[in-house]
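Visitor: Predicted model follows, preceded by the sequence.
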Amino acid sequence: MNRFIFWLILMLALNFFMHLYVFFKVSIFWSGRRNFILYILSFFTSLLIVPATILLEWSNNFITQLFYSFSWLLTGSFFVTCISLLVFQIIGGICSIHRTYLTAISLILSLIIVVYSFLNAGKVEVKTVDIDNFGKKLKIVQITDLHLDPLTSSKRLPEIVESINSLKPDIVAITGDIVSHNTLISPTTFAPLKNIEAKTYFISGNHENYIDKDKVLKLIEDTGVKVLLDEVDLYKGVQIIGIDYKRDKNKVYDVLSKVKLDKKIPALLLLHVPMDVRDERVKLILSGHTHYGQIVPFNFIVRIAFKYMKGLYPLENGYIYVSPGTGTWGPHMRLGSKNEITLFSVE
């Protein structure tokens with residue numbers, strides 16, 4: 001809890017200074033007056049996420065859903081604008097261009113980027129990955145980090161399920177973070193999962209731990225999806241190992257040391273956070289969590305935090321694949337990354 005409060009305060013503080021910087025730069029268009037009003041504007045706009053989240057948890061309706069989505073979109077827009085203004089400020093320091101023109105160009109560019117990022121976040125592409133030496137010929141589909149939001153979840157999940165079925169997989173793996181709000185924990189939210197026409201497995205991510213996790217897992221199981229919590233299941237000649245959310249690699253090894261695996265049968269490991277887990281019995285690890293940064297330049301920060309951040313990486317006895325995610329968290333925006341449904345053709 002203390003860690004959560006620390007990161008919350010840090011995020012809100014950074015958000016405030018980001019808003020303040022944007023307002024100060026834009027204030028040149030009203031005679032350059034920089035006064036107490038800018039601080040008030042920055043304070044209220046940067047904190048909109050807090051009342052929006054509280055209201056959504058208190059009463060889930062169209063107005064609160066719209067307010068919540070708008071508050072996050074505003075935050076994402078200010079972030080893009082802040083980065084753009086900083087870049088053009090550097091350009092202005094190098095070139096002798098009037099700051100008013102630079103600010104105007106920066107704001108126009110920011111608007112274009114925000115619109116593109118918003119539209120890009122509404123798309124989901126199917127990526128095919130071929131993997132040899134798995135030991136069994138199968139089609140496996142992975143979706144992860146959907147972070148279903150209150151405003152679009154009723155439409156988004158059925159569309160994803162339809163796309164999954166069109167690929168005719170043998171196995172579907174959902175590797176965590178399907179929802180991030182208690183208001184979405186209902187049979188209606190997860191009902192589309194019943195329509196997946198392949199054997200489906202689910203493991204928890206970090207966001208399930210921030211809400212009523214037990215209820216989420218129960219409702220997912222009610223749809224016919226197999227929830228794996230530090231256990232293994234055998235299906236179509238493949239051992240599917242599901243790890244409950246963990247950040248500590250030693251705890252993952254503890255689970256692997258306890259589950260009973262047949263060395264002659266290929267094993268698929270579902271692990272929300274990508275880790276350098278080495279086990280000769282595991283031929284493929286499917287992970288998510290990183291979102292590939294979701295919005296540039298966060299991908300550079302993610303690259304520092306995670307050894308594996310996106311795509312396929314060879315390991316000593318197999319591979320690990322890190323999906324950029326099938327949805328978005330926070331702002332409904334994707335810049336420098338894409339939502340993805342991953343189809344693995346293994347043999």
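Guide: Noted; the coordinates are in hand.
Visitor: Okay, strands next: where are they in the protein?
Guide: 124-131, 138-143, 171-174, 199-202, 226-227, 231-235, 238-242, 267-270, 282-287, 311-314, 319-322, 339-346 (DSSP state E).
Visitor: report the angle between the axes of the first one and strand 339-346?
Guide: Interaxial angle, strand 124-131 versus strand 339-346 (axes from the mean of the first three to the mean of the last three Cα atoms, to 10 degrees): 20 degrees.
Visitor: packing partners for strand 124-131?
Guide: With contacts taken as 3 or more Cβ pairs under 8 Å, 6 or more residues apart in numbering; DSSP states H and E, strand 124-131 sits against helix 153-166, strand 339-346. In this view, the C-beta of every residue, glycine as well, is placed from N, C-alpha and C.
Visitor: Quick one: closest of these to H147.
Guide: Set against H147 and scored by Cβ to Cβ, the helices and strands packed on strand 124-131 come closest in helix 153-166, at 9.5 Å.
Visitor: any idea how far that closest one is from the chain center?
Guide: 17 Å (Cα atoms, centre = their mean, to the nearest Å).
Visitor: what's the answer for stretch 63-81, then?
Guide: Relative to its chain's centre, stretch 63-81 lies at 16 Å (Cα atoms, centre = their mean).
Visitor: got a list of contacts for it?
Guide: The contact list for stretch 63-81, computed with Cβ atoms under 8 Å, 6 or more residues apart in numbering, reads 15, 18-19, 22, 45-46, 48-49, 52-53, 55-56, 58, 106-107, 110, 113-114, 117-118, 149-151, 295, 330-333, 335.
Visitor: if you average pLDDT over it, what comes out?
Guide: Stretch 63-81 shows a mean pLDDT of 93.
Visitor: And for stretch 334-346?
Guide: Stretch 334-346 comes out with an average pLDDT of 97.
Visitor: So which bits of the longest helix seen in the chain are buried?
Guide: Ranked by residue count and defined by DSSP state H, the top helix of the chain is helix 62-94. Within helix 62-94, the residues scored as buried using 16 or more other Cβ atoms under 10 Å are 64-65, 67-69, 71-85, 88, 92.
Visitor: That one to helix 153-166, inter-axis angle?
Guide: Counting by the same axes, to 10 degrees, helix 62-94 lies at 80 degrees to helix 153-166.
Visitor: any idea how far S337 is from the nearest residue to I301 once chain neighbours are set aside?
Guide: Leaving aside its sequence neighbours, I301 sits nearest to G293 (Cβ to Cβ, 6 or more residues apart in numbering; 6.8 Å). Relative to S337, G293 is positioned 6 Å away (Cβ to Cβ, to the nearest Å).
Visitor: neighbour-wise, which of those two wins?
Guide: S337 (24 against 21; other Cβ atoms under 10 Å).
Visitor: measure the more buried one to K310 for me?
Guide: S337 sits 8 Å away from K310, taking Cβ to Cβ as the criterion.
Visitor: Mutual contacts of these two, please.
Guide: Joint contacts of S337 and K310 (Cβ under 8 Å, 6+ apart) are 292, 324.
Visitor: Count the neighbours of L229 for me.
Guide: Using other Cβ under 10 Å, L229 has 13 other residues around it.
Visitor: What's the local residue count around L343?
Guide: Residues near L343, counting by other Cβ under 10 Å, number 19.
Visitor: give the contact list for L38.
Guide: Residues in contact with L38 (Cβ under 8 Å, 6+ apart) are 20, 23-24, 27.
Visitor: Then N15?
Guide: Applying Cβ under 8 Å, 6+ apart, we find N15 in contact with 46-47, 49, 75, 78.
Visitor: hey, what's the spatially closest residue to F344 that is not a sequence neighbour bridged with?
Guide: With Cβ to Cβ, 6+ apart as the measure, I140 is the residue that lies nearest to F344, at 4.3 Å, once sequence neighbours are left out. I140 forms beta bridges with I171, F344, as assigned by DSSP bridges.
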